[in-house]
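1. With the sequence up front, the predicted model follows.
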Amino acid sequence: MDTAGSFLPIIAALPFLGALFPGLMIQAGRNTCAAFTAAPTILALVLLLLCAPAVLHGEVLQFQLPWLPKLGLNVNFMLDGLGLLFAGLILGIGLLIILYARFYLSREDPMGQFYTYLLLFQGAMVGIVLSDNILLLLVFWELTSLSSFLLIGYWKHLPEGRQGARMALVVTGTGGLAMIAGMLILGNIVGSYDLSVILTQKDLIQADPMYLPALLLILVGCFTKSAQFPFHFWLPHAMAAPTPVSAYLHSATMVKAGLFLMARMWPVLAGTPEWFYIVATTGLITMLIGAKIALFKDDLKALLAFSTVSHLGLITMLLGFGTKMAAVAAVFHIINHATFKAALFMTAGIVDHETHTRDIKRLGGLRHLMPITFVIVTFAALSMAGIPLLNGFLSKEMMLEEASHTIWQGNHWIVPVLATLGALFSVAYSFRYIVHVFWGPQRDDYPSKPHDPGFGMWAAPAFLVVLVVAIGVAPFLAEPLVRASAGAVIGGALPEFHLKIWHGITPALFMSGAAVLGGAILLALHAPLMRLWLATPRPEAKTMFDAITRAATRASRAFTSGVHNGALTRNGATFTVTVLAAGWLAWSSGETLSESREMLPIAAVPAIGWMLLIVATIGLVAFHRNRFLALMLMGIVGLIVSLGFVYFSAPDLALTQISVEVVTIILLLLALNFIPRTTPVESHPARRMRDALIALTGGVAVTGLTYAILISDFAFESISAFHLANSYKGGGGTNVVNVILVDFRGFDTYGEIIVLGIAALVIFALTDTVLKGRGGRWLANWDKRKYREAGDRHPLMMVVATRVMMPIALMVGAFIFLRGHNEPGGGFIAGLIVAIAFLMQYMASGFAWAEARQRVTYHATIGVGVLVASVTGLGAWLAGKPFLTSAYGYITLPPIEKFEWATAMAFDTGVFLTVVGAVMLALNSLSSMARRTGETVNIFPMDINPARADADGTDEGNA
Amino acid sequence: MEMLLASAIGALSAAGIYLMLRLRSFPVIIGISLLSYAVNLFLFATGRLAVNAPPVLRDGVETYTDPLPQALVLTAIVISFGMTAVIVIMALGSYLSSRSDTVNITRDTPAEQEGDA
């Protein structure tokens, strides 16, 4: 049993794994492709059959694997009779469909794609029927919606296909959403998401006040999937799909998923008046409407589509009756319908394939031209009509029998009469398929000369028809399967029953006879009735659906463009206002913080700094149109912020801020070279007022928030004390900030240097793209005279000074880096300082000159940096510790002092290299724009070259 | 002193928001940079203020300022540099490619960016 249970996930996974192959195998030919599609299906079927004997004896196979146990989401599979029935149908008919599709698809159709989608769908369906966890079931449920979307829209060039696929996705997807809600409510009532638990809690669920909402939501999901009224309209439109898809999804499997779920939930949801009136009534209405429309459809597939709707209604109605015998009948009809309807769809495909039309009006008299097809259709259609000795008869009799003693609102005759009427229509359209397509005089205006297809194409429907006849003649063959699956639906003792052909003279027999007779009469009157049908106006579901989707699209587009019309400013304003509103909400509904901290006294120097900052900020707003001035004011702001860090005991931050400041200003200066120097006045004063209002509100809010935080203590104890206490003991460094960066929170830092590296690469890639496109061509024609201001591009003094400073700057970098673990400093700051040291050379002698002397590319520097950090982190694994666990120790070198080493140092080296590489790559990318403008590249380091005899000009230095 | 810092952060935010809502790329970049300053300072301030208590362990010193926000802000400063650099290049690229430094798509932009309806 355990081994059999472990087959279940394999059965569910096989189609998904198999889906990888068709796309590849199509290279080896269509037969190979089909074979590779069939193989996983066959394998899954074999495994399922291995499980079958145990299940037929009443065992329930289970498999459990926790996935997200905290959420109640587990990969739990179970196989009982119902699951066996459905999995058998899905895999068995799937196999026949694979065979059929091999011959149905034409050479132009991408077959690999088709089979991939088909297997994905198959896997999702198998997943649904094997799931023992309703959350897992929901995952598979959504997967069927998605994969069926792909299958329905397989012929992408047909607008009907695309529209049909979209409609199916919208309808079933909406239902799926409703079902998620319903399932969550259900799981909440029971306290578990495992089906095997839920199914035992009937009384608890039905007594719960949330029973009705849960029921309604779940039923919406089932009804949309199974095309029940009023959601039935999507199914006929989905018929734009290739016929194998229609035969598979829309007769045997996907539309039955809703029925499956109703059957699955039957033990806990059924039996209440709500269930009866909602489900049985919906089923009855669907059965009638579907059957009536089917009679008047000239398109063969549309006829079959509506007949499917009708039969699905029939099964829904049976499940809705809530009696055990009705459930047995429902299960039996699921089997029968799958066999004859899949066969009929395939024959419709054959007719279409051979005559190039599915229009009944253009067909007729095919019985001599396509004798094999004719025989198959006759048996299958008669079964659908419910003629004795075929399987459709048996389940239809059971249905009528159940209907005959169903009381609806105290009324004894309404359900039996309407059910008989539905059966009558069903007989009429079934006969119509045979009579109007195959009988009558042979015509000479078929779009293509019809003849029977090859064996490969009719083998699958023929096999199904053999089943139809076999079950019809010897119903006991199907009895074990019906018993096992009906037992699973009922979840208790089965009623006493035997599947047999002759039940004696019963009301059902009379009803059945009346239906056959009436159906034949109806068909005889078809022509005048058709005229009447065409003359009466009726609601067109597609028009309504389109109108609703259009309205919804328009509404959402209006809303979206209202808040986000592609304009950055509007987006920013919306965002700011939303954040402020959310903040206000939190502020006004939360508790006010208590004033528990002592304020620091205001000292003179910080007050001056504050004033400078405020003046610079106001100046920025006032003079932002003058871009150069704005940059200088920015510099002041940055400087004061750095000083603020110094004052408030954050030396590391101050060092970082000031070096970043230098780099940022250089960056902005380089950029300013290419963009206009001033900002024009273009926004309306009202608009400026609005922005100022938003900005001021934001500023006041931020001030208030910061102040509130600053005057109160932590709401709960922070983890900083731990870091302070363990910095030296655990990390081996006295600079706690650095130890946090490279040790305690090393993983964060690791992520951050990767982000920085990516940012630099993005800059490089963007620059490259711009330079290769229109921007580059424009730059190449840049009018330099317009912008040239400085005559002395590489002044002697600057070159000499930077050369002298270079070793000093590098020394400072090394110093800052080495002391980082114990004193303010570290990889980030050292990286920035070294980058600035290089930048000075670049500024003094030009990027091209400096770059020609550069040995290592910046990309490599970034890469090596990340790599060093990674290797350091991985090193901890060798010691059996988690990623990035650091170690440290001390070495004493005799002449000097005691040295400390720590693996964190190696990590910090990685940080250092990445920072250097990223900063340099960013600035180098910007400068490559300058070179594109045709800026001259100097051979000598400075304009005036003292080493030359004729050192008098400025131009000779430039090549 | 707390009020000074709070109001400074507020002023930086207000100026940042105002400039961010301008129509040309350069003020937007400046605005975002100012917002970065404000956010970094704000994060730093969540550790509360302390003078002369750097989180560098010394013998005999008992009070240290909160090191954790400092570590967070240190990386934030470097990352905001990376972000500024990226948006500068984006602004520059869009200016060079379209010869306009407006940040909004104007009405007469060709419909190629609209996507298929």
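-> Done, it's in. Numbers count the residues shown, from 1 in each chain, chains lettered A, B, ... in the order given.
2. Distance from stretch A:548-557 to the middle of the chain?
-> 22 Å (CA atoms, centre = their mean, to the nearest Å).
3. Name the residue closest to the centre of chain B, please.
-> For chain B, residue B:36 is the residue whose C-alpha lies nearest the centre (CA atoms, centre = their mean; 1.6 Å).
4. excluding its backbone neighbours, what's nearest residue A:287?
-> Nearest non-adjacent residue to residue A:287, counting by CB to CB, 6 or more residues apart in numbering or on different chains: residue A:313, 3.4 Å away. The C-beta positions use only the backbone N, C-alpha and C, and glycine is treated the same way.
5. give the contact list for the one you found.
-> Residues in contact with residue A:313 (CB atoms under 8 Å, 6 or more residues apart in numbering or on different chains) are A:228, A:229, A:282, A:283, A:284, A:285, A:286, A:287, A:288, A:289, A:290, A:422.
6. before we move on, what about residue B:81?
-> Residue B:81 neighbours (CB under 8 Å, 6+ apart): A:660, A:663, A:664, A:919.
7. Confirm that residue A:389 sits in a helix.
-> No: using DSSP: H, G, I helix; E, B strand; the rest coil, the assignment for residue A:389 is coil, not a helix.
8. what comes up buried for the helix or strand bottoming out on mean pLDDT in chain B?
-> Least confident helix or strand, chain B: helix B:67-98 with a mean of 89, by mean pLDDT, DSSP states H and E. Neighbour counts over helix B:67-98 (16 or more other CB atoms under 10 Å in any protein chain shown) mark B:67-86, B:88-97 as buried.
9. likewise stretch A:214-227?
-> A:214-215, A:217-227.
10. does stretch A:709-722 come close to chain B?
-> Yes: looking at stretch A:709-722 against chain B by CB under 8 Å from any CB of the partner chain, the contacts come from A:709, A:710, A:711, A:713, A:718, A:719, A:720.
11. which residues sit in contact with the residue lying closest to residue A:882 once chain neighbours are set aside?
-> Leaving aside its sequence neighbours, residue A:882 sits nearest to residue A:876 (CB to CB, 6+ apart; 6.5 Å). Counting by CB under 8 Å, 6+ apart, residue A:876 makes contact with A:882, A:883, A:884, A:885, A:886, A:887, A:903.
12. Isn't the second one up against residue A:875?
-> Read it as residue A:883. No: counting by CB atoms under 8 Å, residue A:883 does not reach residue A:875; the two are 9.5 Å apart.
13. and these two? which has more neighbours close in?
-> Comparing residue A:883 with residue A:875 by other CB atoms under 10 Å in any protein chain shown, the one with more neighbours is residue A:875, at 18 against 14.
14. measure that one to residue A:726 for me?
-> Counting by CB to CB, to the nearest Å, the gap from residue A:875 to residue A:726 is 21 Å.
15. quick revisit: would you mind measuring from the closest residue to the residue nearest to the centre of chain B other than its chain neighbours to residue B:40?
-> Excluding the flanking residues, the one nearest residue B:36 by CB to CB, 6+ apart is residue B:80, at 4.0 Å. To residue B:40, residue B:80 is 7 Å away according to CB to CB.
16. ok, now residue A:704?
-> For residue A:704 relative to residue B:40 (CB to CB), the value is 19 Å.
17. Which of the two has more residues huddled nearby?
-> Legend: neighbour count by other CB under 10 Å for residue A:704 and residue B:40, higher for residue B:40 (25 against 14).
18. secondary structure element for the more buried one?
-> In this assignment (DSSP states H and E), residue B:40 forms part of helix B:25-45.
19. Can you give me the distance of the spatially closest residue to residue A:316 that is not a sequence neighbour to residue A:176?
-> Among residues not flanking residue A:316 along the chain, residue A:283 sits closest, at 3.3 Å (CB to CB, 6+ apart). Counting by CB to CB, the separation of residue A:283 from residue A:176 is 21 Å.
20. what does residue A:287 give?
-> Relative to residue A:176, and taking CB to CB, residue A:287 is found at 24 Å.
21. who's more crowded, the two?
-> residue A:287 (29 against 20).
22. Give me the helices and strands touching the helix or strand hosting the more buried one, please.
-> Applying DSSP H and E as the criterion places residue A:287 in helix A:281-295. Contacts defined by 3 or more CB pairs under 8 Å, 6 or more residues apart in numbering or on different chains; DSSP states H and E place helix A:281-295 against helix A:300-321, helix A:414-438.
23. Quick check: which helices or strands does the last one pack against?
-> What it means is helix A:414-438. helix A:281-295, helix A:300-321, helix A:371-385, helix A:391-404, helix A:507-524, helix A:526-535.
24. Helix, strand or coil: sort out residue A:64 for me.
-> strand.
25. so is the closest residue to it other than its chain neighbours in a helix, a strand, or just coil?
-> With CB to CB, 6+ apart as the criterion, residue A:64 has its nearest non-adjacent residue at 4.9 Å, and that residue is residue A:76. Using three-state DSSP, the structure places residue A:76 in strand.
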